[in-house]
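Enquirer: Quick one, what's the 3D model for this:
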Amino acid sequence: MYLKERFYSPRMKIYFLTATLLLFFLFGSQIPDLLASANTPDIDDDGFIGEQSGGNDCVDSLQSKYITSTQACNPNSLPTFLESKVDPDSDDDIADHAWIQDDSGLYHLFFQNEDQGYGDYIEHYTATDLQSLTYVGPALMQNPAGWDSYGLWAPYVIKNPAGSLYYMFYSGVTAGGSDPDAEQRIGVATSPDLTTWTKYPLNNCLGTAGDGCVYDCNESWTRWGSGEPYDNQCRDPFVIRDEVNNRWLMFMTVNSNIGLPAGQMISVAQSPDLINWAGAGYILATKKLYADQGGVGLQLTGHVAENPFVTEYNNNFYLFFTDYTDQEDYYNIPNPRTEIQYLSSPDLSVDDQGSLNWAYRGSIPDPGVNASEIVVPYGDTWIMSQSIAANPYSGDWPTHTRDLRLKRMIWNDDGTFTTSNLTKLSCRVASGDINPDATEVCSDGIDNDCNGQIDDPALCDPCVDNDHDGYGTSGFALCPYSQPDCNDDNINIYSGATEYCDDGVDSNCDGLDNGPGCVVLCIDRDGDDYGTAGLEACEYVQPDCNDNNQNIHPGALEICDGLDNNCNSQIDEGGVCPRPRKIKWEICDVPDDMGGGACYIYYY
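Expert: Take a look at the predicted model:
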């Protein structure tokens with residue numbers, strides 16, 4: 001109580017108000033800019049705000065950008081097909097499958113070895129770049145005496161971030177899909193290396209034998225255990241972490257008892273530990289309903305929702321599913337649905353009232369495919385792995401029936417997307433590598449440095465170097481030196497050349513005469529290579545004490561002329577002049593016979 005009263009005392013309120021006013025006085029003009037900066041997103045975390053938010057980053061996106069200007073990265077090329085028939089078993093058709101990337105970057109593909117819908121075990125392949133497959137061998141086999149005696153279907157693999165184990169969820173079945181009495185359940189196996197798999201040593205499915213069974217879809221919204229044909233459907237598991245609610249979610253196919261007509265829909269279970277599962281709800285938007293059943297806005301055609309897959313983009317979740325009974329009659333029906341359709345939700349909420357947060361969005365752009373999975377390399381590239389269905393609408397049937405076809409998803413702002421045949425990861429350029437500080441990359445068809453020029457001609461055109469000094473006026477990337485030449489007709493002028501002061505020439509191409517670090521020009525009026533200024537530019541660096549006489553300079557021969565010839569501040573030094581004569585005495589004789597006299601002068 002004392003602390004509370006003291007904190008809110010009148011004196012403290014005055015202190016607080018004074019401090020607030022002082023801060024506003026000092027920084028008030030900057031507050032709007034600081035708030036705007038804090039709220040302005042840098043989507044790709046490269047330190048630059050996107051142009052769409054008022055910045056100067058020409059590509060600021062959750063998605064990577066793709067090179068499209070080279071032969072290897074041609075968006076008009078045929079799609080990549082992955083064929084599994086490279087092992088002795090020629091019946092390895094790929095339908096329900098799963099991708100996962102290990103810690104080394106290697107991709108692993110798992111699928112049921114399906115022979116016209118009758119799979120029995122899980123196969124394993126690898127791919128270094130999602131462009132070709134290498135066979136590894138069988139990953140997981142059925143138990144002839146167990147709950148999965150007939151076969152294993154629809155694997156999905158995750159790595160538990162809480163440990164080092166990989167978990168493979170799969171459908172275990174007691175009979176083929178055409179058997180109305182077949183029972184389908186969900187099992188799990190674990191592996192430390194994606195190669196050696198062991199069914200989890202537990203069975204949570206009542207009335208069954210064998211390890212690994214964790215869930216049987218016996219919920220109030222399913223027909224499980226009703227005794228009707230095809231009632232015990234529980235297959236196609238997809239598992240995702242729901243961090244908001246601290247749980248794991250598993251999406252799967254069930255036979256629904258909700259609404260009319262009868263048919264399949266997507267159900268969801270939840271788990272705290274990946275082993276113990278309980279029903280969480282169902283997603284009504286995956287089920288066909290008659291108009292009087294509230295069908296408007298939901299799935300209006302088909303009635304077999306299966307193969308669920310969830311991916312996240314731009315803070316929304318997208319649930320994809322296959323409905324193989326939807327018509328794909330492109331000859332007689334305008335804009336028909338494709339088999340694969342999708343929903344969206346702002347979160348991973350599900351409930352037993354239909355999970356109405358999941359809204360039906362329509363069908364994907366690509367017909368004639370089913371059982372699609374989505375791989376997200378680097379967290380910025382969405383690649384849809386599509387199994388070619390046994391119908392003519394894909395354009396790749398029958399040549400590639402049950403092969404995988406890769407398509408890259410290109411998201412729009414409204415959550416719709418188009419697809420591209422170009423999926424090579426070698427053609428990918430991260431959004432964060434495109435900004436005003438980036439280096440322009442020639443021939444990639446991208447404005448890497450955001451200067452408004454794609455494959456900037458100044459850098460990427462052939463080198464133009466008229467004066468052959470190694471510096472060009474364009475095509476710098478192909479010149480011996482990558483810096484520009486501001487005067488390509490003078491070999492002494494180029495980027496980095498010596499700049500001389502007061503010569504009226506921008507020798508180093510920095511845009512300035514007398515720029516920083518310029519060298520003063522040698523002043524040598526008499527042409528003896530010794531100057532009175534700019535000595536560093538003269539032939540000799542010693543100063544000339546007489547720049548009007550080329551015979552006078554440091555090191556010149558001193559001569560007897562009354563001048564300082566060698567600039568040592570001494571005149572006629574070193575005995576260069578003869579010794580002068582001095583008068584000693586003078587004697588004059590008496591007059592001679594001629595009446596004259598004679599004087600004699602003596603010197604020494």
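
Enquirer: got any ranges where the protein has weak pLDDT?
Expert: For the chain, residues meeting the criterion pLDDT under 70 lie at 1-40, 85-91, 114-119, 294-297, 327, 329-336, 476-477, 534, 536, 580-604.

Enquirer: how far away is the spatially most central residue of the chain from residue 469?
Expert: Among the residues of the chain, the smallest C-alpha distance to the mean C-alpha position (Cα atoms, centre = their mean) belongs to residue 430, namely 2.6 Å. In this view, residue 430 and residue 469 are 37 Å apart by Cβ to Cβ, to the nearest Å. To be clear about C-beta, it is placed using only N, CA and C from the backbone, and glycine gets the same treatment.

Enquirer: what does residue 164 give?
Expert: Using Cβ to Cβ, residue 164 is found at 60 Å from residue 469.

Enquirer: Which residue of these two possesses the greater neighbour count?
Expert: When neighbours are counted by other Cβ atoms under 10 Å, residue 469 comes out ahead of the other of residue 164 and residue 469, with 20 against 10.

Enquirer: The more buried one contacts residue 495, doesn't it?
Expert: No. Here residue 469 does not reach residue 495: they are 9.8 Å apart, not a contact under Cβ atoms under 8 Å.

Enquirer: Quick one: residues contacting residue 535.
Expert: With contacts defined as Cβ atoms under 8 Å, 6 or more residues apart in numbering, the neighbours of residue 535 are 522, 541-543.

Enquirer: which of the residues you listed count as buried?
Expert: For those, burial is judged from neighbour counts taken by 16 or more other Cβ atoms under 10 Å, and it is met by residue 522.

Enquirer: and the two most separated of the contacts of residue 535?
Expert: Of all pairs drawn from those, the one with the largest separation by Cβ to Cβ is 522 and 542; the distance is 12.1 Å.

Enquirer: what helix or strand is residue 240 on?
Expert: Mapping residue 240 onto the secondary structure by DSSP states H and E places it in strand 234-242.

Enquirer: Buried ones in the following helix or strand past that strand, by neighbour count?
Expert: Sequence-wise, the next helix or strand beyond strand 234-242 is strand 247-256, with elements assigned using DSSP H and E. With burial defined by 16+ other Cβ under 10 Å, the residues of strand 247-256 counted as buried are 248-256.

Enquirer: Export those residues to CSV and append columns for distance to residue 337.
Expert: What follows is the buried residues of strand 247-256, written out as CSV (distance: Cβ to Cβ, whole Å):
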residue, distance to residue 337
248, 31
249, 26
250, 26
251, 20
252, 22
253, 18
254, 22
255, 21
256, 19
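
Enquirer: List just the nearest of these to residue 44.
Expert: Distance ranking of these against residue 44, using Cβ to Cβ, places residue 249 first at 28.4 Å.

Enquirer: What residues does the closest one make contact with?
Expert: Taking Cβ under 8 Å, 6+ apart as the definition, contacts of residue 249 comprise 239-242, 268-270, 280, 348, 350.

Enquirer: Serialize the contacts of residue 535 to a markdown table and add fields for secondary structure and distance to residue 482.
Expert: What follows is those, written out as a markdown table (DSSP: H, G, I helix; E, B strand; the rest coil; distance: Cβ to Cβ, whole Å):
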| residue | secondary structure | distance to residue 482 |
| --- | --- | --- |
| 522 | coil | 31 |
| 541 | coil | 34 |
| 542 | coil | 39 |
| 543 | coil | 40 |
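
Enquirer: a markdown table for the contacts of residue 535, including distance to residue 201?
Expert: Supplementary listing: the contacts of residue 535 in a markdown table, determined by distance: Cβ to Cβ, whole Å:
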| residue | distance to residue 201 |
| --- | --- |
| 522 | 91 |
| 541 | 88 |
| 542 | 94 |
| 543 | 95 |
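
Enquirer: which of the contacts of residue 535 lies closest to residue 208?
Expert: Proximity of those to residue 208 (Cβ to Cβ) peaks at residue 541, which lies at 97.9 Å.

Enquirer: And that closest one, how close does it get to residue 492?
Expert: Remark: distance between residue 541 and residue 492 (Cβ to Cβ) = 21 Å.

Enquirer: what do you get for residue 359?
Expert: Between residue 359 and residue 492 the distance is 70 Å, computed by Cβ to Cβ.

Enquirer: quick one, strands of the stretch 251-400 of the chain?
Expert: Using DSSP state E, counting those that start in this stretch, the strands of the stretch 251-400 of the chain run over 263-271, 278-283, 305-313, 316-323, 340-345, 359-363, 369-375, 382-388.

Enquirer: Would you mark the buried spots in the third one?
Expert: To tie it back to what came earlier, the one meant is strand 305-313. Of all the residues in strand 305-313, those buried under the rule 16+ other Cβ under 10 Å are 305-311, 313.

Enquirer: could I get those as CSV with distance to residue 557?
Expert: Shown next, in CSV, are those (distance: Cβ to Cβ, whole Å):
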residue, distance to residue 557
305, 108
306, 107
307, 102
308, 102
309, 97
310, 96
311, 91
313, 88
